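[1] coords please:
(2 chains)
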Amino acid sequence: MITVDNLRKNYFSDKSGKFAGIGKENGLSFEVNDGEVFGVIGPDGAGKTTLFRILASLLLPDSGSATMNGIDVVKNYKQIRRIIGYMPGRFSLYQDLSVEENLRFFATVFNTTIEENYDLIKDIYQQIEPFKTRRAGALSGGMKQKLALSCALIHKPDVLILDEPTTGVDPVSRKEFWDMLKRLKEQGIIILVSTAYMDEASRCDRIALMRDGQFIATDTPQGIIDAYAETLWAVQTENMSTSLNDLRSCSEVLSCFAFGDKHHITVEHGFTKEELSGFLKEKGYRNVKIEAISPSVEDCFMALTKD
Amino acid sequence: MSVIKYLIEKEFKQTLRNAIIPKMIVGYPVMVLLIFPWAINFEVKNIKIDIVDNSKSSYSQRLINKVDASTYFIINNVPASYPEAFNDIEKGKADIILEIPSSFDKDLVKEKKSDVRISANAVNSTQGLLGNTYLTQIVNNFSQEIRGELYPASQKARVPQIEIVPDYRYNKSLDYKIFMLPAFIVLIVTLICGILPSLNIVTEKETGTIQQINTTPVSKFSFILAKLIPYWTIGIIILTISFFMVWLVYGLLPSGGYGTLYIASIVFIIGVSGFGIIISNYSDTLQQSMFLILFFILIIILLSGLFTPISGMPAWAQAIAYGNPLTYFMEIMRLVYLKGSSLTDVLKPLGILGLFMLFLNSWAVVSYRKRG
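    Coordinates of the predicted model:
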């Protein structure tokens, strides 16, 4: 069980030249239950890494508190470090040590052995075991990620903190990774994961949408989608780039975003597809396809951050 | 205990797998000790001299032959007049002029004395000064020879004479190499044991591995200790190679024995590697730490009496030199190598070195932060 109460951390970020951090207006508060996969979803710079670094006891918050299984991350950081497994966003294992040496290193610094907790990592580690004498720096992206996860798990943590684990990983490896998390969850490990990929949201039990250091919604993925109150259509025309601006110029269209080969638009209640298709024909588009769609998490995020 | 053992093992593995560091540990002392003592040498040889001989007598010819016979001088030209010789100095063809007056032989015989003029180009002050001194020595020797010839032995006894016979203790032939060899050993140990640790923690920061380490329960003390022990080992290996090279190539053995040298060196190596870790702790990037360590190493080397004696520095520089651990290590090295001092003779500088070691290493552990 993770309890976060009114957490704030503001610091000057010299890269963007403006104040960054989390909980600037209202402190962050949320709870994560045992055996839950909790996803923090938001664009780059939303404050996901800052939040995770505070929870991993690497950064001190300005105010507020966070506890994991009743242990405070600030006061009892030494105990926290025994019960968490942290996987930073960047691959941060020793590139000049072999796969096995890296794993043994992390086992040893946690006063345990690979053999003792082999069951927990077996599924994951078996996939990279054929390469165990290879230097970590020579592994492919997907294999590096599996090794990093094995190293974060080797001391049998109660809480797993994964900071953007799937960034820069191919779609097949991403899917495999989420399958692995599912199996870990079944072992009773609390998993806190952040991602910038909205399509991964459905793999979490609960998600928090984050922007500018604030949670703008916290619910199950279905709950977030159910709360979506707008009328959502997907529009396809033969000239997608000009139609984006034309759609935005239509007074009944509330929002319009490009989603791959379609535009997702929200419209005022009572506005019909025929009216919209008439509007587009007037603008000179001929092959216009309009269909009502059910919203994805990304649509919800867009709607929530519209203003 | 097994944690720190594995941490040390990991550091050794990483160091040995590095493509450059193991080669440098062996190659660096060998190269520095083979090349530098010959190149960095304050002895002045082959000074180009112009001799203006206005006398053209047998005496002046003897003086010229004496100058020619000396290994310090090469006769560049024998011009007819002083302005011509001065022209050579201006063009950089000659470094020094010896002008013999036209009445040289007459004066020597009649007046029993004569003057010669020495003009040296002092753009390179050491060369000018030493050239002047060597030339004066030759002229003085010559005048003594003449005196012996012109005065009968009985008369000579009545002329009081003071002859200075220099006896250079601890470095009989005033060989600059002997003086510099202990300094080069100090230089090698300082560079390797100061720079390598300063790059270590900051490398873990750059690759991000430090984050993963920081979330483990490993204590600061064991983490830093495990980082330092490999550098102490490297330092002792380098030291041993250097001692061996100095004996093999230059035949120089420490007259005070190796025991004292090793004790002092270990204390110094521990101190200077702690300093490297401090730099590493305060730097965010390799670039920063590289710049910082070179800045400090340059200062501690220049203000340590390595190349120039501390007694010749202005008071403020002397104050810095006495706050510099390298000064004491250098002092011990030279005392033991050249003077034959034993452990009890160097207790004072050794004690000061020990205090530096404790201070720097405590700072290194305290300044390492496991969270920001």
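
[2] use CA for all of it now, contacts and neighbours both
    Noted.

[3] mind giving me the domain ranges of the chain?
    Picked chain A for this. A:2-219, A:228-304 (automatic domain parsing).

[4] meant chain B actually
    According to automatic domain parsing, chain B comprises the domains B:2-40+B:173-367, B:47-158.

[5] identify the residues contacting the residue of the stretch 151-300 of chain B found nearest chain A.
    The nearest approach of the stretch 151-300 of chain B to chain A comes at B:Thr209, 4.4 Å away (Cα to the nearest Cα). Shown in contact with B:Thr209 (Cα atoms under 8 Å, 6 or more residues apart in numbering or on different chains): A:92-94.

[6] ranking the domains of chain B by mean pLDDT, which is last?
    Lowest mean pLDDT within those: domain B:47-158, a mean of 81.

[7] so what touches stretch B:316-324?
    Contacts of stretch B:316-324 (Cα under 8 Å, 6+ apart): B:300, B:303-305, B:310-311, B:327.

[8] okay, now the sheet partners of the longest strand along chain B, with direction.
    Longest strand of chain B, by residue count under DSSP state E: strand B:47-53. Its sheet considered, strand B:47-53 pairs with strand B:73-77 (parallel), strand B:96-100 (parallel) by DSSP bridges.

[9] and the first one, C-alpha only, in PDB?
    Coordinates of each C-alpha in strand B:73-77 appear next as PDB, following Å, rounded to 0.1, in the frame of the first residue of the first chain:
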ATOM      1  CA  PHE B  73      80.600  26.600 -24.600                       C
ATOM      2  CA  ILE B  74      80.600  26.400 -28.300                       C
ATOM      3  CA  ILE B  75      82.600  29.200 -30.000                       C
ATOM      4  CA  ASN B  76      80.200  30.700 -32.500                       C
ATOM      5  CA  ASN B  77      82.500  33.400 -34.000                       C
END
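
[10] does anything pack onto the host helix or strand of A:Tyr125? Which helices or strands?
    If you go by DSSP states H and E, A:Tyr125 is part of helix A:118-128. Other helices and strands packing on helix A:118-128, by 3 or more Cα pairs under 8 Å, 6 or more residues apart in numbering or on different chains; DSSP states H and E, are helix A:141-153, helix A:171-186.

[11] list the buried residues in the strand or helix carrying B:Phe268.
    Secondary structure from DSSP H and E places B:Phe268 in helix B:258-282. Neighbour-count burial for helix B:258-282 flags B:258, B:260-261, B:264-282 (criterion: 16 or more other Cα atoms under 10 Å in any protein chain shown).

[12] cool, stretch B:306-320 as well?
    Neighbour-count burial for stretch B:306-320, counted by 16+ other Cα under 10 Å, picks out B:306, B:310, B:317-318.

[13] check stretch B:129-146 too.
    Buried residues in stretch B:129-146, counted by 16+ other Cα under 10 Å: B:130-132, B:134-135, B:138-139, B:142-143.

[14] adding distance to B:Lys110 and secondary structure, write these out as TSV.
    Shown next, in TSV, are those (distance: Cα to Cα, whole Å; DSSP: H, G, I helix; E, B strand; the rest coil):
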residue	distance to B:Lys110	secondary structure
B:Leu130	32	helix
B:Gly131	30	helix
B:Asn132	27	helix
B:Tyr134	27	helix
B:Leu135	24	helix
B:Ile138	22	helix
B:Val139	19	helix
B:Phe142	17	helix
B:Ser143	14	helix
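
[15] for chain B, what is the nearest residue in the stretch 201-307 of chain A?
    Proximity of the stretch 201-307 of chain A to chain B (Cα to the nearest Cα) peaks at A:Gly213, 18.7 Å away.
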